[in-house]
Structures are given as C-alpha cells and as structure tokens.
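**Q** The following block contains a protein sequence and its predicted model.
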Amino acid sequence: MGLACSNIRLLTLTARKADCEHGLSIDSMRKMALTREQSNLTKEYYSRLQAKNIAYYDNGKYNKINYNYLMGYGANYTAITNGNKPLKGENSMILTDFKGQVVLSDAYAKAITAVLGSSAMNSQGRGGTFSTEEIPKILAELVPGHSPEEFETVMNNGSITSSYEAEGVGQLTGDKTGTETTVDNSQSGTDLIQKLVDFYLPIFKAAAANGWTTEYNNEMKLNDNYVSDALVSGSFQLATVNEDGNYNPDTSLTYFVTAGLVESRTDSDVREEVTAWYNAEKERITEKENWIDIDMDNLSTELEAIKTEIQSVKTLIDDAISSVFDWGSS
C-alpha cells in the first residue's frame with residue numbers, strides 16, 4: 001500500500017514539476033517580449049521627440065496648423081470679413097492633397113454641388129474641374145444675402161451700388177426726428193464683398209482648375225493634428241495659386257517655411273506630453289516585469305521544493321522495494 005501511494009505521489013510531483021518548468025519557460029519568453037517592447041518604446045519616444053509639426057503664430061503663441069486657418073471657417077464668412085479668427089496672411093496659399101486636388105470643407109462642397117448639381121461630386125467625395133464662370137454663383141450660395149452679380153462685379157474690379165433707408169436722428173439731442181433718409185453704403189458693401197473675394201477666389205479658382213476633394217474631412221474633424229501631420233508626411237501640400245488657378249512651381253513646404261508663412265518646429269508642450277506618455281508606458285512595462293519576476297521566484301522556489309520531495313519519495317520507493325527483496329531472501 002505504501003509503495004502504491006508513493007508512486008502516485010511521485011507521479012503528482014512529476015506533473016507539477018513539469019508545470020513549474022513550463023511556467024518558468026513562459027515567463028522567460030514574456031520577459032524577452034517585454035525587453036523588445038521596451039526597446040521599441042524607446043525608439044518611438046526619441047522619434048516622437050524629433051518629430052516636427054507645422055504651426056502658425058497668433059495671439060502670442062505658436063499653434064498647430066489647422067484647416068480653418070488655411071482655408072477659412074466654412075459658411076462662417078463673418079470670421080473673414082470681421083477678422084475675428086486667425087487666418088493666413090497670404091490668400092493665394094491653399095491646401096491640396098498629394099494628387100493636387102484642393103481640400104474643401106463640406107460647406108464649400110455643398111455650395112459647389114448646389115450650383116453644379118450633385119453629380120459634380122463622386123461617391124469618394126471628389127469633384128472634377130469646372131468653369132470659373134460658376135464661381136460667382138458658388139460664392140453667392142456660400143454667402144447668403146449677396147447675389148452672384150455682386151460677386152462678379154467686384155471680381156471684375158467694379159463697385160456695387162447699395163443703399164438703405166434709415167430714420168433720421170438729431171445730431172445734438174440724439175432724438176429720432178421721424179424723417180427718413182437714404183444711406184449710401186456702396187463703399188462698405190463693396191469692401192465687404194472684396195474681402196470675401198480676396199479670400200475665397202484663389203480657393204475656388206484652384207478647385208476649378210485642378211479638381212477638389214472632401215475625402216479627408218472626417219479625419220480632420222476627429223484629429224486636431226491631422227493637417228499638420230499630413231503636411232509633414234507629404235499627404236497634404238501647400239500651394240500658391242496664380243490668376244488662372246494653376247499652382248506656381250517649386251513651392252515645397254520648405255518654401256513656405258522660408259517665406260515665413262508657416263513654421264516648422266518642435267513644440268515644447270508636445271515634448272512634455274510625449275515624455276509623460278513614455279514614462280507611463282515604461283512604468284506599465286516595469287509593473288509587468290516585476291509581476292513576472294515574482295512569479296518566476298515563486299515557481300523556482302516551488303520547483304526546488306518539488307525536486308527535494310521527489311528525491312525523498314524516490315528514496316522511500318527504493319527502500320520499500322529493497323525491503324521486499326530483503327524479506328524474500330530471508
């Protein structure tokens with residue numbers, strides 16, 4: 001009975017010994033994987049530290065380039081006329097993708113398709129070239145309250161005729177006199193439309209000559225860094241547009257940086273953010289490694305104990321077998 005129990009105990013210990021050795025082998029491979037992860041993390045950290053971003057200077061600080069700065073605030077044209085939002089200093093500088101098509105907001109695309117028809121944009125959100133004669137109509141769609149004729153007049157260096165009726169006010173008392181007077185606001189009306197034309201015309205001339213796309217709008221909405229990162233990678237490009245809507249040659253990103261229209265820089269705030277991310281990831285890896293070390297220590301201790309007990313059980317078995325043979329020989 002003792003011999004049978006000892007054999008069962010030996011089998012159980014041997015199975016557990018195999019489990020411990022397997023666990024140590026798995027832990028060893030996990031530690032090797034963590035070493036590779038730590039190495040890759042360090043490489044990515046230093047890569048991020050050296051990464052550039054494209055920025056503009058406004059309100060006393062550098063800001064990452066975004067679509068609104070380069071191309072306007074969609075249908076919010078008051079931002080352009082009132083100057084209450086940061087905008088590029090060079091109207092002829094526009095944003096294109098790597099295919100040379102102008103990157104347009106949904107509001108701009110809606111204005112184009114309202115004039116040209118829904119077929120002007122395909123299922124991928126891209127549109128082809130069109131006649132520049134349609135631009136005054138497109139601008140009138142984009143900026144309600146102004147007619148295509150007004151835009152066309154200003155585009156041809158003319159002035160619009162505009163006036164409105166107002167109630168007279170006494171200059172000394174400030175009281176309303178009850179009389180109506182006609183106010184000529186032709187100059188202010190022309191100036192307002194001229195600001196819109198100056199900003200929008202290069203964008204839509206380029207779209208008319210080279211085609212346009214809304215393919216990236218979702219990504220730009222979800223990721224504030226999308227435009228800056230795409231300019232660095234080359235997926236997006238900056239271009240200057242001439243009177244015909246064609247791009248001037250030899251205008252790489254370096255050209256716009258050298259001209260002072262944009263900045264290529266490493267933001268200290270980003271460096272701090274990247275360092276915080278790196279430290280958090282390193283701490284996560286360290287915690288995993290500490291857990292594995294503890295598990296390996298426990299398995300090693302258990303394995304040594306099992307080996308000792310196996311040796312003890314084997315001695316018992318050998319003694320039991322020897323006693324049987326000794327009994328038979330006597």
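**A** Done, it's in.
**Q** Show me what secondary structure element comes after whichever helix or strand Glu180 is part of.
**A** Applying DSSP states H and E as the criterion places Glu180 in strand 176-184. Using DSSP H and E, the helix or strand that follows strand 176-184 in sequence is helix 186-210.
**Q** average pLDDT for the following helix or strand past that following helix?
**A** Following helix 186-210 in sequence order, the next helix or strand is strand 212-213 (DSSP H and E). For strand 212-213, mean pLDDT is 98.
**Q** same for strand 212-213, what does it pack against?
**A** strand 102-103, helix 106-116, strand 126-127 (3 or more Cβ pairs under 8 Å, 6 or more residues apart in numbering; DSSP states H and E). Bear in mind the C-beta positions are built from the backbone N, C-alpha and C, glycine included.
**Q** so who does the closest residue to Leu13 other than its chain neighbours touch?
**A** Leaving out its chain neighbours, the residue that sits closest to Leu13 by Cβ to Cβ, 6 or more residues apart in numbering is Ile310, at 4.9 Å. Residues counted as contacts of Ile310 (Cβ atoms under 8 Å, 6 or more residues apart in numbering) are Leu10, Leu13, Thr14, Lys17.
**Q** Among those, show me the least confident.
**A** For the contacts of Ile310, the pLDDT minimum is Leu10, 78.
**Q** how about it, what does it touch?
**A** Leu10 touches Ile310, Val313, Lys314, Ile317, counting by Cβ under 8 Å, 6+ apart.
**Q** Name only those of those that count as buried.
**A** Neighbour-count burial within the contacts of Leu10 applies to Ile310, Val313, Ile317; the criterion is 16 or more other Cβ atoms under 10 Å.
**Q** burial measure for Thr161, as a count.
**A** 12 (other Cβ atoms under 10 Å).
**Q** got the contact list for it?
**A** Thr161 touches Ser186, counting by Cβ under 8 Å, 6+ apart.
**Q** quick one: pLDDT of it?
**A** 77.
**Q** Ramachandran coordinates for it?
**A** phi -110, psi 120 (degrees, to the nearest 10).
**Q** Gly72 too?
**A** Per degrees, to the nearest 10, the backbone of Gly72 is at phi 90, psi 170.
**Q** From Ile193, how far out is it?
**A** 15 Å (Cβ to Cβ, to the nearest Å).
**Q** now Gly128: how far from Ala111?
**A** Gly128 is 16 Å from Ala111, by Cβ to Cβ.
**Q** Neighbour count for these two, which is higher?
**A** The residue with more neighbours, out of Gly128 and Ala111, is Ala111; 23 against 14, by other Cβ under 10 Å.
**Q** My guess is the more buried one contacts Leu142. True?
**A** Yes: between Ala111 and Leu142 a contact is recorded at 4.1 Å, counting by Cβ atoms under 8 Å.
**Q** Around Thr153, how many other residues sit close by?
**A** 18.
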